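Trainee: 3D, please:
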Amino acid sequence: MRNMPVAIGSFDAEHGQTAMNDVTTPTAGFYKMRMVRGGAPAGVRIFYGPPIDPLTGEEMDRSLRWQAEVNGIIDELERVWPGCMREPIDAAEYRFMCDASAHARDTDARNPMGQPRKRVEWDSATPPLF
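Mentor: I've put the predicted structure just below:
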């Protein structure tokens, strides 16, 4: 992993103290983050388990390890952790973000939800539907 700080402090208003979060060990769960500045938000899932074969999508018979998915696609853990830990979400919101991203990739190449690693090009992006 990259050189990372050992802990990040966040103020806990209820207890009136600063809570320290250890960033060296990932925490399993669902998160939301932007992969690039000015990009669309992406859903991130951090989990501990057997690796997934990128070609077939099946679990491989290997040792367990920390892994990450971005919008339902396996990605490198170092790309998202610890940056994603600021904004946890629930499983339903993660699933919605994955479905919205898959729909955007399948139907409209200009939709920023389908390209979380690109900045939103406002002059050519598909306008949102209200």
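
Trainee: List the contacts of the nearest residue to R37 once chain neighbours are set aside.
Mentor: Of all residues not flanking R37 in the chain, R119 sits nearest, at 7.1 Å (C-beta to C-beta, 6 or more residues apart in numbering). Every residue, glycine included, has its C-beta placed from N, CA and C. Neighbouring residues of R119 by C-beta atoms under 8 Å, 6 or more residues apart in numbering: V36, R37, G38, G39.

Trainee: Mind telling me what element the residue positioned nearest the centre of the chain is part of?
Mentor: Centroid-nearest residue in the chain, with C-alpha atoms, centre = their mean: V44, separated by 2.3 Å. Element membership of V44, judged by DSSP states H and E, is strand 41-49.

Trainee: Where does pLDDT dip in this protein?
Mentor: In the predicted model of the chain, residues 1-21, 127-130 satisfy pLDDT under 70.

Trainee: for it, what spans make up the strands?
Mentor: For the chain, applying DSSP state E gives strands covering 7-12, 17-22, 29-34, 41-49, 65-70, 73-75, 88-89.

Trainee: Now tabulate those strands in JSON lines and tack on distance to T56.
Mentor: Converted to JSON lines, the strands of the chain look like this (distance: least, C-beta to C-beta, whole Å):
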{"stretch": "strand 7-12", "distance to T56": "37"}
{"stretch": "strand 17-22", "distance to T56": "34"}
{"stretch": "strand 29-34", "distance to T56": "24"}
{"stretch": "strand 41-49", "distance to T56": "16"}
{"stretch": "strand 65-70", "distance to T56": "16"}
{"stretch": "strand 73-75", "distance to T56": "12"}
{"stretch": "strand 88-89", "distance to T56": "28"}
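
Trainee: Thanks a lot, see you next time.
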